[in-house]
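Engineer: What shape does this take:
(chains A, B, C and D)
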There are 2 protein chains.
Amino acid sequence: MNTVENNNNYEENARFLKALAHPTRLHIVELIRDKEPCVKVMEEVLGVSQANVSQHLTLLRHLNIVEAKRTGNQVCYRIKNPRVLKLMDMLTDQ
Amino acid sequence: MNTVENNNNYEENARFLKALAHPTRLHIVELIRDKEPCVKVMEEVLGVSQANVSQHLTLLRHLNIVEAKRTGNQVCYRIKNPRVLKLMDMLTDQ
DNA sequence: TTAGTATATTAAGTTATTCGAATATTTGAA
DNA sequence: TTCAAATATTCGAATAACTTAATATACTAA
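Structural biologist: Here you go, the predicted model:
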């Protein structure tokens, strides 16, 4: 492993952590973790605007942390990168 | 657990992740992990300015992630919150 | 088609991060 | 003392992240 590779790892990992370093996005991930909720449901549980939920979801999607699946009218989300589950576990056990 | 408590947890966890969501700070934590390097050494290894290292260290100190110990002229750092080690492990194993 | 529901995108304003430069503080050694 | 080395702090400018509001898109049902 040379310096450049290390550097890239730090940057990639920093991007990953940054994507989750927001209370709403942490909450979203926890919601998605067990079920596969659609945006409308998340909007209600989170208590933030539809646009805001959608923006956070877009960010998580672009980082391959979650993925979307359209079913008719609605779009449901699920975890794509299982690494995020380990992270959530780490945060959970006090 | 009520909504407020949940909210606080998300915010606290988000603050924790945000503190680490920077390539230089991830690198710093990895350096501190094994040894207890002083600022001068970190500055050289990281290849960033002294002021910048110090700024990142201050941030990590304020979040109780690392702690400082002065020895004469120099200040050495070590991990204070062991939780960060779990996080680093999680990032490391591919 | 048209209307309604669900979701996504864009734009604009605000706040937060980041970094470099300059300066201050602390300590040891002469 | 005085100087030099190590570290910390402050300030300002650039950039990034966040939120709200408005609008666009996708789909369903009538």
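
Engineer: Spell out which parts of chain A neighbour DNA strand D.
Structural biologist: Remark: the part of chain A in contact with DNA strand D comprises A:18, A:21-22, A:24, A:48-49, A:51-52, A:55-56, A:59, A:70, A:72-73, using Cβ under 7 Å from any atom of the strand. The way it works is simple: take the backbone N, C-alpha and C, and place the C-beta from them, glycine included.

Engineer: Drop anything exposed from those.
Structural biologist: With neighbours counted by 16 or more other Cβ atoms under 10 Å in any protein chain shown, the residues of chain A next to DNA strand D contain buried members at A:18, A:21, A:22, A:24, A:48, A:56, A:59.

Engineer: Hmm, residue B:29 and residue A:10 touching each other?
Structural biologist: No - Residue A:10 lies out of contact with residue B:29 (Cβ atoms under 8 Å); the separation is 10.0 Å.

Engineer: on that earlier part again, with the buried ones among the residues of chain A next to DNA strand D in mind, which one is nearest to residue A:92?
Structural biologist: Of all these, residue A:21 has the smallest distance to residue A:92: 16.1 Å, by Cβ to Cβ.

Engineer: Can you name the element that comes right after the helix or strand bottoming out on mean pLDDT in chain A?
Structural biologist: Least confident element among the helices and strands of chain A, by mean pLDDT, DSSP states H and E: helix A:3-20 (a mean of 80). Next helix or strand after helix A:3-20 toward the C-terminus (DSSP states H and E): helix A:23-34.
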